[in-house]
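# Could you look at this predicted model? Sequence included:
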Number of protein chains: 2
Amino acid sequence: MAVTIRDVARAAGVSITTVSRALNGYPDVNPETRRRVLEIAEQLNYRPNQVARSLVTQHTRTVGLLVSDFTKSRGGMYFMYDVLAGVHDGLAQHGYDMHLVSTTTTRQRLVSYLDFCTERRFEGVIVMGIRLDDPYVHEVVESKLPSVVIDLPLLSERCGYVMTDNVNGARFAVRHLVSKGHRTIGFVNGVPYAAVCVDRRRGFEDGMRAHGLQPDPELMEEADFTVEGGAAATRRILERRPDVTAIFYASDLMAIGGMREAVKVGRRIPQDLAVIGFDNIDLCEFVQPALTTVGQRKYEMGKSAADMLIGMLDQNLPPEGRMLAPDLIVRRST
Amino acid sequence: MAVTIRDVARAAGVSITTVSRALNGYPDVNPETRRRVLEIAEQLNYRPNQVARSLVTQHTRTVGLLVSDFTKSRGGMYFMYDVLAGVHDGLAQHGYDMHLVSTTTTRQRLVSYLDFCTERRFEGVIVMGIRLDDPYVHEVVESKLPSVVIDLPLLSERCGYVMTDNVNGARFAVRHLVSKGHRTIGFVNGVPYAAVCVDRRRGFEDGMRAHGLQPDPELMEEADFTVEGGAAATRRILERRPDVTAIFYASDLMAIGGMREAVKVGRRIPQDLAVIGFDNIDLCEFVQPALTTVGQRKYEMGKSAADMLIGMLDQNLPPEGRMLAPDLIVRRST
DNA sequence: TTTCGCATCGAAAACGTTTTGGACATGGAC
DNA sequence: GTCCATGTCCAAAACGTTTTCGATGCGAAA
């Protein structure tokens, strides 16, 4: 069907060896022959078959991007898109392709991430948004397949990670609230099986103590990273402790839900309740009042992950754990 | 390095033919032999090489998802994410993989989309967010490679499309505004090289005339689909025609910019200026006031595109043009 | 006994490349 | 005249599968 290197060879009256060398720019081929081969390849509209090439070179120059359920994690999109862009740019810069695989796919086919990737001979994999307790992710981390995970501090022989310094991020949030005079500070954390949440909690508690405040269980709640979850958690805190004057949320989406709820029960923001989120998603600028937050460098996370992976692949560099500094973005909600 | 079918054959004391047949569930292999082969394959941790398999079967079961610049089109994300999810689900359901290729990649490597896809032997391609005047997309459309484009009405032998009925969407918007008593209605369109914009413009003008109103060039502007662009366009309209009482925007993002600008110059929404957008991105619910808009079925668009492509691939169905009905979502801004 | 069908298996070709290990000719140095 | 280096080329192996075609053995039918 398609025109192969053999067709080109025949038409040019040379061997396929020569065609291959001419096309790939090897030195030992006569300039005139090369010219003719190139010309004929062009004429015949020849396109090298990368599948065949991959088979013989044992290189696909493809990395898998593993993301958990697209559909479900609606909220994750705000975070994910930028990371995705960063990963993509990083890979593209070094000539690697990106294969998108979601956990729904693998689950549907009853195959582990690792098997899926090794069958396709991916050269490496970038993992994002996977639960801390997902057994399959540990399988790839412990495998020989080079990988870097985003937002999970998993380090091994062939696996690095990049994440935001969530502990310090949470400390910044607390320090900011304290500097605004708050003493009774609430905290709405995300799901406990997300690695970022244990860090943010630690940062919150550390930060409180650093300012001579005692983290109070009555002021702490957990939610599922959604607007509704944030609202519900806020309601519980407000009912239990009407004296709360500020709340730190482990995600912007929850913070937005919190603001809604607070306004609904008659609190003004920031006068009656200061609110600070985490992530710095685009939404922050659009809500009323604009949301103060701890910003993650999302694009850089993706870019950094891709760069690390490519370093492992192309230069045999060892994997590392990379911590990106968050930055406090003050808007009107505090 | 990796364990091959040959290793399994050797260990099981059978030919590779038999191993292949045993693993793939062919009938003519003794149940006992099959059991042994399966067992040994499991023991050796054998994973079939899909690259080799693709080479011989001439099927990669991979489709390319072509998106224009990730990084640049920040706004497109709100629209794209859902479409992406739909495409992904559709493909996954039928056992197809998804290779993400952005136009930045191909441009960087100086290769056309079509060449990129044929070299990798993709079985089909889904195109989204490409400019109407991009020459490379036409190359794909006119090629033998099965494709379906989103948001561009390009139909050919091997290329279908799916898009929202933008003309009617715009008509809905006008009808809604008219029903609210508006007569002097502005229109901020997007970039002229986007196919959706010519339709939305036509829908706007048709809708106006249908209600006995004359589309007035003084009330019409173009912007670049961004918040800032929407704001600037709004400023120009408000200066030129202070008597305008409602504006229809070809995208939510621009509508949000418009609301900001209007509020800044002292207009109340919706009392002094009614605003309606297009797309129904998540943001609509979060801005103040919540934005009335013409909703696109984003997920369905992606799903439908994937289904059509797979129909072409697996059942040799002909490509079609599919129009998805938009729906009016009334919130507080009108 | 011959014939036939059936169940089970294997040898070898094929997919489209890259790469190895020469072959061959030419020309200059000795 | 021999030797060697150099430039140009090719045959064949290899990558890891699937698939075609045929071989073999065995039991039942004729």
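Cool, the structure landed.

# Can you report how many residues neighbour whichever residue of the stretch 51-200 of chain A sits closest to DNA strand D?
Nearest residue of the stretch 51-200 of chain A to DNA strand D, counting by Cβ to the nearest atom of the strand: residue A:56, 3.4 Å away. For every residue, glycine as well, the C-beta is placed using N, CA and C. Using other Cβ atoms under 10 Å in any protein chain shown, residue A:56 has 9 neighbouring residues.

# how about the helix or strand hosting it, does it get close to chain B?
Under the criterion of DSSP states H and E, residue A:56 resides in helix A:50-57. Yes. If you take Cβ under 8 Å from any Cβ of the partner chain as the test, helix A:50-57 does meet chain B, through A:50, A:51, A:52, A:54, A:55.

# quick one: that helix near DNA strand C?
Yes. Using Cβ under 7 Å from any atom of the strand, helix A:50-57 reaches DNA strand C at A:52, A:53, A:55, A:56, A:57.

# For PyMOL, what selects the buried ones among these?
Filtering the residues of helix A:50-57 next to DNA strand C down to the buried ones (16 or more other Cβ atoms under 10 Å in any protein chain shown) takes a single PyMOL command:
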select buried, chain A and resi 52+53+55
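
# want to try CSV for the residues of helix A:50-57 next to DNA strand C, with pLDDT as columns?
What follows is those, written out as CSV (pLDDT from 0 to 100):
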residue, pLDDT
A:52, 97
A:53, 97
A:55, 97
A:56, 96
A:57, 96
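
# Pick the one among the residues of helix A:50-57 next to DNA strand C closest to residue B:220.
Among the residues of helix A:50-57 next to DNA strand C, residue A:53 lies closest to residue B:220 (Cβ to Cβ), at 52.8 Å.

# is any part of the helix or strand bottoming out on mean pLDDT in chain A close to chain B?
In chain A, no helix or strand scores lower on mean pLDDT, DSSP states H and E than helix A:103-108, which sits at a mean of 78. Yes. Shown here: helix A:103-108 in contact with chain B (Cβ under 8 Å from any Cβ) through A:104, A:105, A:108.

# Return the closest of these with respect to chain B.
Nearest to chain B among the residues of helix A:103-108 next to chain B, counting by Cβ to the nearest Cβ, is residue A:105 at 4.4 Å.

# For residue A:322, which residues are in contact?
By Cβ atoms under 8 Å, 6 or more residues apart in numbering or on different chains, residue A:322 lies in contact with A:160, A:161, A:162, A:163, A:304, A:308.

# Now distance to residue B:93 and secondary structure too, for those residues, in TSV please.
Shown next, in TSV, are the contacts of residue A:322 (distance: Cβ to Cβ, whole Å; DSSP: H, G, I helix; E, B strand; the rest coil):
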residue	distance to residue B:93	secondary structure
A:160	33	strand
A:161	32	strand
A:162	32	strand
A:163	33	strand
A:304	34	helix
A:308	33	helix
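
# Neighbour-wise, give me the winner out of the residues you listed.
residue A:162 (30 neighbours).

# so who does that one touch?
A:148, A:150, A:301, A:304, A:305, A:308, A:321, A:322, A:323, A:324.

# now it: how far from residue A:304?
Between residue A:162 and residue A:304 the computed distance is 5 Å (Cβ to Cβ, to the nearest Å).

# Name the residues contacting each of the two.
A:322, A:324.

# how far away is residue A:170 from residue A:202?
According to Cβ to Cβ, residue A:170 stands 7 Å off from residue A:202.

# Between the two, point out the one with more neighbours.
residue A:170 (29 against 14).

# Wasn't the more buried one part of a strand?
No. Counting by DSSP: H, G, I helix; E, B strand; the rest coil, residue A:170 is located in no strand; its state is helix.

# could you point out where chain A is predicted with low confidence?
In the predicted model, chain A carries pLDDT under 70 at residues A:69-75.

# can you list the residues of it near DNA strand C?
Contact residues (Cβ under 7 Å from any atom of the strand) of chain A with DNA strand C: A:1-2, A:4-6, A:16-17, A:20-21, A:23-24, A:46-49, A:52-53, A:55-57.

# So among those residues, which ones count as buried?
A:4, A:5, A:20, A:21, A:23, A:46, A:47, A:48, A:49, A:52, A:53, A:55.

# List the buried residues for stretch A:165-175?
Buried residues in stretch A:165-175 (16+ other Cβ under 10 Å): A:165, A:166, A:167, A:168, A:169, A:170, A:171, A:172, A:173, A:174.

# dump the residue contacts of the fourth one.
Meaning residue A:168. Residue A:168 neighbours (Cβ under 8 Å, 6+ apart): A:203, A:325, A:326.

# I'd like to know which elements the helix or strand hosting residue A:237 is packed against.
Element membership of residue A:237, judged by DSSP H and E, is helix A:227-240. If contacts are counted by 3 or more Cβ pairs under 8 Å, 6 or more residues apart in numbering or on different chains; DSSP states H and E, helix A:227-240 sits against strand A:185-189, strand A:220-222, strand A:246-249, helix A:252-264.

# in it, what counts as buried?
Buried positions in helix A:227-240, judged by neighbour count with 16+ other Cβ under 10 Å: A:227, A:229, A:230, A:231, A:232, A:233, A:234, A:235, A:236, A:237, A:238.

# Alright, that wraps it up for me.
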